[in-house]
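**Student:** Structure for this input, please:
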Amino acid sequence: MDVIMPQLGETVLEGSVSAWYKKVGDAVKADEPLFEVETEKVTTEVPAPAPGVLVEILVEPGVSVKVGTRLAVIESASGSVDAPGRPRSSAAAAGPRHSGAGLGQPLDADAQQSPPRRPGRLKLSPMVRRMLREHDVDPAAVQGTGRDGRILPEDVLVHRDRVSRSEPGAAPQAAAGESAPESAPAMGRNGDRAPSVAAGSDDYNVPLNRIRRATAAHMVRSKATSAHTLQAVEVDFHNVDKARAAFASQWKQREGYSLTYLPFVARAVCDSLSRFPYVNASFGVDELIVHRSVHLGVAVDLNFEGLTVVVLRDASHLNLRGLAAQLHRLIVGVRESKLQLAELTGATYTISNSGSFGTYFSVPIISQPQVAILSLDGVRKKPVVVEGPEGEAIAIRPTGVLAQSFDHRAFDGAYSAAFLKVLKENIEERDWAAELA
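**Tutor:** All right, here's what the predicted structure looks like:
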């Protein structure tokens, strides 16, 4: 059986094996960790797809390959196959071996002669580690400007440009494997070439790395594919705030982290999706594929170094406490590069959470092939009209905007509006304190 490079996220197009946990000739069990894969967004363990013996390793650690590339071959007890129903060649079945140059593998000469040097024990994100290797920069030489001296991507670029300018006649180079800016001119809305801008003496260049190029391509493709339409509702979080205030102290003491608005919105989203299943769907070939399970994606910022989506599988089966616990675990896990493949792929509906930055209104872009995405923005106190036993009155309430971008090909505005109405009611009217008691 072929072991291939998995896709760790919708916008990730390539990655590299940072470590093999088995060597050629070792027996492997299905679902046990086989290798560690690193992308600009995350580093995670990948399990073996089947039991057997590891007979070939085709890609060395540190070499970047595209998603879908063959990485290794596992031979089953009954004889290995390259694909279901297709026997391997006699040469491949002759016995265990470790592949090298001349076998058509995606290894360049430099990579085979001197594997990329990994940074030391500094706490570095996957993106920064990749940039340090690509630009051949010693992390100890870089002045970090992030929190607690953390090295950010722009710090690597500033250091690289400073070194380049100090070398007579030298000019900043694009990262290994990246095209120079001239090879990919920016295009205007009507297909005409966008005007180019030359860097001045006070500027520095930030070439688009792989993750930015992949994200850009995915977002542009989504805008070109889906008939993006936006609707939004203003939500009163008064009942949510009462529950958070009542349980804040004991929750923080017991769980070790604060109870935010996100799990409340996630809980209400899951309930609302059960009544409007077309929102929890993907667009196929002339058909809408409606998902019975809710695999809820949540966009997570990686210290301004990139964006990734963690996935709460079967989120509709979890209560408020369960959602809060899983969200905390996944967000911490992705920032520490400790998540598994299933926790980074397969979302059926996504929440983009910018509320912690105090945003008022966001227009999210749909993650293909999903048909909708929800933006959770900041919740702030404001005067609103409320109805009470004595009639209408002005009250100070915590309010926020929930905005949904949806694919108009999948359903119409009335369906999306009805979903948002139910979502608003779920958040405003549910007895949240009872769910936390």
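**Student:** Check the offset of the longest strand along the chain from the chain's centre.
**Tutor:** Ranked by number of residues, the top strand in the chain under DSSP state E is strand 391-407. Relative to its chain's centre, strand 391-407 lies at 29 Å (Cα atoms, centre = their mean, to the nearest Å).
**Student:** Could you tell me which residues within that strand count as buried?
**Tutor:** Buried residues in strand 391-407, counted by 16 or more other Cβ atoms under 10 Å: Arg397, Pro398, Thr399, Gly400, Val401, Leu402, Ala403, Gln404, Ser405, Phe406, Asp407. C-beta: built from backbone N, CA, C; applies to glycine.
**Student:** confidence score at the most far-flung residue of the chain relative to its centre?
**Tutor:** Relative to the centre of the chain, the most outlying C-alpha is that of Glu390, 49.3 Å out, by Cα atoms, centre = their mean. Looking at Glu390, its pLDDT reads 84.
**Student:** cool, Ala77 as well?
**Tutor:** 67.
**Student:** now swap in the one 5 residues further on and tell me
**Tutor:** Taken from the predicted model, the pLDDT recorded for Asp82 is 44.
**Student:** for stretch 3-13, what is the average pLDDT?
**Tutor:** The model assigns stretch 3-13 a mean pLDDT of 77.
**Student:** scratch that, stretch 231-242 is what I was asking about
**Tutor:** Average pLDDT, stretch 231-242: 97.
**Student:** what's the span of that stretch from first residue to last?
**Tutor:** With Cα to Cα, to the nearest Å as the measure, stretch 231-242 spans 27 Å from end to end.
**Student:** and if you look at stretch 290-298?
**Tutor:** Using Cα to Cα, one end of stretch 290-298 lies 20 Å from the other.
**Student:** quick one: the helices in this structure?
**Tutor:** Secondary structure of the chain (DSSP state H): helices located at 90-93, 109-113, 126-134, 153-166, 210-225, 238-255, 262-275, 320-335, 413-429, 432-436.
**Student:** Please list the residues outside the last one that contact it.
**Tutor:** Judged by Cβ atoms under 8 Å, 6 or more residues apart in numbering, the contacts made with helix 432-436 from elsewhere in the structure are 239-240, 242-243, 246-247, 251, 259, 264, 267, 319-321.
**Student:** at 10 Å what do you get?
**Tutor:** Outside helix 432-436, the residues that touch it by Cβ atoms under 10 Å, 6 or more residues apart in numbering are 237, 239-247, 250-251, 259, 263-264, 267-268, 319-321, 324.
**Student:** among these, which ones are buried?
**Tutor:** 237, 239-241, 243-244, 247, 251, 259, 263-264, 267-268, 320, 324.
**Student:** tell me the two of those that are most distant?
**Tutor:** Maximum pairwise distance in the buried ones among the contacts of helix 432-436, criterion Cβ to Cβ, is 18.7 Å, between Trp251 and Ala268.
**Student:** Might you list the low-confidence residue ranges for the stretch 101-250 of the chain?
**Tutor:** For the stretch 101-250 of the chain, residues meeting the criterion pLDDT under 70 lie at 101-123, 125-127, 146-148, 154, 165-196, 209-211.
**Student:** right, and Arg275 touches Ser316 too?
**Tutor:** No. Taking contacts as Cβ atoms under 10 Å, Arg275 lies outside contact range of Ser316: 11.5 Å.
**Student:** of those two, who's got more company?
**Tutor:** Using other Cβ atoms under 10 Å, the more surrounded residue of Arg275 and Ser316 is Ser316, with 19 against 12.
**Student:** show me the contacts for that one.
**Tutor:** By Cβ under 10 Å, 6+ apart, the residues touching Ser316 are 266-267, 269-271, 273-274, 280, 292-296, 323.
**Student:** can you pull the contacts of the closest residue to Phe237 other than its chain neighbours?
**Tutor:** Of all residues not flanking Phe237 in the chain, Pro398 sits nearest, at 4.4 Å (Cβ to Cβ, 6 or more residues apart in numbering). Shown in contact with Pro398 (Cβ under 10 Å, 6+ apart): 235-242, 244, 261, 378-382, 384.
**Student:** Hmm, Arg212 is touching Pro153, no?
**Tutor:** Yes. Between Arg212 and Pro153 there is a contact under Cβ under 10 Å: 9.4 Å.
**Student:** And those two? Which one has more around it.
**Tutor:** Neighbour count, other Cβ under 10 Å: between Arg212 and Pro153, Pro153 has more, with 23 against 16.
**Student:** Now do the buried residues in stretch 333-352.
**Tutor:** Neighbour counts over stretch 333-352 (16+ other Cβ under 10 Å) mark 333-335, 337, 339, 341, 343-345, 347-352 as buried.
**Student:** quick one: least confident of those?
**Tutor:** Among these, Ser337 has the lowest pLDDT, at 79.
**Student:** Distance check, that one against Ser405.
**Tutor:** 29 Å (Cβ to Cβ, to the nearest Å).
**Student:** go on, Thr69?
**Tutor:** Distance from Thr69 to Ser405, by Cβ to Cβ: 33 Å.
**Student:** out of the contacts of Pro398, who's nearest Ala417?
**Tutor:** Nearest member of the contacts of Pro398 to Ala417, counting by Cβ to Cβ, is Val235, at 14.1 Å.
**Student:** if I pick the closest one, what's in contact with it?
**Tutor:** 261, 265, 268, 376, 379, 397-402, 420, 423-428.
**Student:** Please tell me I have it right and Thr69 contacts Val37.
**Tutor:** No. Assessed by Cβ under 10 Å, Thr69 is found out of contact with Val37, at 11.1 Å.
**Student:** In space, what's closest to Ala324 - neighbours in sequence excluded?
**Tutor:** Counting by Cβ to Cβ, 6+ apart, Pro263 is the residue found nearest to Ala324 once chain neighbours are left out, at 3.9 Å.
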